[in-house]
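Novice: turn this into a structure:
(4 chains)
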Number of protein chains: 2
Amino acid sequence: MQLEITPVQAVACCSPLARDPLSEADAERIAPLLKALADPVRLRLISLVASHEGGEACVCDLSDAFDLTQPTISHHLKVLHEVGLLDREKRGVWVYYRARLEALDGLAALMGGTAK
Amino acid sequence: MQLEITPVQAVACCSPLARDPLSEADAERIAPLLKALADPVRLRLISLVASHEGGEACVCDLSDAFDLTQPTISHHLKVLHEVGLLDREKRGVWVYYRARLEALDGLAALMGGTAK
DNA sequence: GCAAGACATAGATGTACGTGAATATTTACG
DNA sequence: CGTAAATATTCACGTACATCTATGTCTTGC
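Specialist: Below is the predicted model of the structure:
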């Protein structure tokens, strides 16, 4: 269940960085999203999930790619989930994660478009 | 003078996150860029610089927008400069910063394009 | 040359964060 | 039920980081 407002929803509500000065409030809402992405392990995790067949992957698919303990992977997935970059669905014993592509697109729209 | 390799150059050398799994090496090079951006103050700083007239701004233009001391602003600008997101040019007493739009576009290309 | 202004650096401090070990929770299966 | 497997949570620890105060460096104008 996902009832609370996640930082992901902050992405869609402002013009590109290079067009207008970002407000303090918007910056405070967007920074956590980037902070969640600003880790090598989490970058690879979201990339693995997003590029995995079917657009989703379970933890078992993911943890093999890293030289980290299972709780650490679980922690990183939680961080990405809490900001709304990953959706989480439990099916049986396994937990499947799915990337929120709109969120990534939102961030891309924020940073890009400067070459216009 | 800018002779060393900055993290900014790591952006252009990989396909979008959602297309192929990001390699460990690429992730290690890109994460510092996002980490530099993942701060409310630095987000606003780069936005202020990029959206400022002429595409550049001196520290004096920037520090007024924040309730922080001058050394703190200077520190944040240094962080953005060190990863290559901001160019730095001293003219007289003033130091002008300019956003590297290619870097921002590179990041945007990395995260977006998922709606294809 | 000296004083003033713009910006950077150094040192110090509290907080946030990445990681692992140990343990808990949940589900399937016999 | 009870055991095994998949994932999450808790606790602890070392490091990184944001911020401030104090000080340094450099440029301009008198």
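Novice: check what pLDDT the residue nearest in space to the middle of chain A gets.
Specialist: Centroid-nearest residue in chain A: A:Leu85, 2.6 Å away (criterion: CA atoms, centre = their mean). On pLDDT, A:Leu85 comes in at 97.
Novice: residues contacting it?
Specialist: Neighbour list for A:Leu85: A:8, A:33, A:36-37, A:46, A:99-100, A:103-104 [criterion: CB atoms under 8 Å, 6 or more residues apart in numbering or on different chains]. Any C-beta I mention is one placed from the backbone N, CA and C, and that applies to glycine too.
Novice: nearest to B:Ile73, of those?
Specialist: A:Leu33 (23.0 Å; CB to CB).
Novice: what is the neighbour count of that closest one?
Specialist: 25 (other CB atoms under 10 Å in any protein chain shown).
Novice: same thing with A:Asp20?
Specialist: 14.
Novice: same question, A:Ser63
Specialist: Counted with other CB under 10 Å, A:Ser63 comes out at 17.
Novice: again with A:Met111
Specialist: 27.
Novice: that one is in contact with B:Leu107, isn't it?
Specialist: Yes: judged on CB atoms under 8 Å, A:Met111 makes contact with B:Leu107 at a distance of 5.0 Å.
Novice: intersection of neighbour lists for those two?
Specialist: B:Leu37.
Novice: need the residues of chain A near DNA strand C, please.
Specialist: Residues of chain A found near DNA strand C (CB under 7 Å from any atom of the strand) are A:35, A:39, A:41, A:67-69, A:71-72, A:75-76, A:79, A:90, A:92-93.
Novice: so of the residues you listed, which ones are in helices?
Specialist: Using DSSP state H, the members of the residues of chain A next to DNA strand C that fall within helices are A:35, A:41, A:71-72, A:75-76, A:79.
Novice: just flag the most distant two among the residues you listed.
Specialist: Once CB to CB is applied, these give A:Lys35 and A:Pro71 as the farthest pair, at 20.4 Å.
Novice: of the ones in helices among the residues of chain A next to DNA strand C, buried ones?
Specialist: A:35, A:41, A:76, A:79 (16 or more other CB atoms under 10 Å in any protein chain shown).
Novice: quick one, what contacts the residue nearest to A:Ala99 when sequence neighbours are not counted?
Specialist: With sequence-adjacent residues excluded and distances taken as CB to CB, 6 or more residues apart in numbering or on different chains, A:Ala99 is closest to A:Ala50, at 3.8 Å. By CB under 8 Å, 6+ apart, the contact list for A:Ala50 reads A:99, A:101, A:104, B:17-18, B:114.
Novice: who wins for most neighbours among those residues?
Specialist: Neighbour counts for the contacts of A:Ala50, by other CB under 10 Å, peak at B:Leu17, which reaches 29 neighbours.
Novice: what helix or strand is the residue nearest to that residue when sequence neighbours are not counted located in?
Specialist: Closest residue to B:Leu17 apart from its sequence neighbours, by CB to CB, 6+ apart: A:Ser47 at 4.3 Å. Here A:Ser47 sits within helix A:40-51, counting by DSSP states H and E.
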